[in-house]
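Engineer: Model the structure of this input:
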Amino acid sequence: MAAPGKNLSKRKSAEVSKQDREAIAAARKEAPNPVWFKPVMFGFMLLGLLWIVLYYITSMNLQLPIPSLGQANIFIGFGLVLIGFLMTPWWK
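Structural biologist: Numbering: from 1, shown residues only. Predicted coordinates for the structure are as follows:
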């Protein structure tokens, strides 16, 4: 049979660590975004937009940005824009 004090101390330390984890999680929710978050988010959106515009402007002659992809360039552009929009819920 284990000593009663031993079980109590383990239980207390488990409760304290659980409270610490909850406090850390609450602080993390309230913490502001890192400095790089907004430029990356808007960068993805603008890069996707520029990708699509560049493809449409050059579609008759060069088919830039990647000529071998053809119309798949549109999907890449929309994918980049989508990544930027998927980042917006975490923007604070």
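
Engineer: after the worst-scoring helix or strand of the chain on mean pLDDT comes which helix or strand?
Structural biologist: The weakest-scoring helix or strand in the chain, judged by mean pLDDT, DSSP states H and E, is helix 4-30 (a mean of 70). Counting by DSSP states H and E, the next helix or strand C-terminal to helix 4-30 is helix 37-58.

Engineer: Which strands and helices lie in contact with that following helix?
Structural biologist: helix 72-87 (3 or more Cβ pairs under 8 Å, 6 or more residues apart in numbering; DSSP states H and E). For glycine as for every other residue, the C-beta is placed from the backbone atoms N, C-alpha and C.

Engineer: tell me the mean pLDDT for the helix it packs on?
Structural biologist: Mean per-residue pLDDT for helix 72-87: 96.

Engineer: Next, count neighbours for residue 48.
Structural biologist: 20 (other Cβ atoms under 10 Å).

Engineer: Check what pLDDT it gets.
Structural biologist: 97.

Engineer: hang on, isn't it packed against residue 75?
Structural biologist: No: using Cβ atoms under 8 Å, residue 48 makes no contact with residue 75, being 10.3 Å away.

Engineer: count of residues packed around residue 75?
Structural biologist: 13.

Engineer: ignore the last one, residue 87
Structural biologist: Residue 87: 17 neighbours (other Cβ under 10 Å).

Engineer: cool, residue 81 as well?
Structural biologist: The number of residues near residue 81, taken as other Cβ under 10 Å, comes to 18.

Engineer: for residue 63, same thing?
Structural biologist: For residue 63, using other Cβ under 10 Å, the count is 16.

Engineer: What sits closest to it if chain neighbours are left out?
Structural biologist: Nearest residue to residue 63, sequence neighbours excluded (Cβ to Cβ, 6 or more residues apart in numbering): residue 70, at 6.4 Å.
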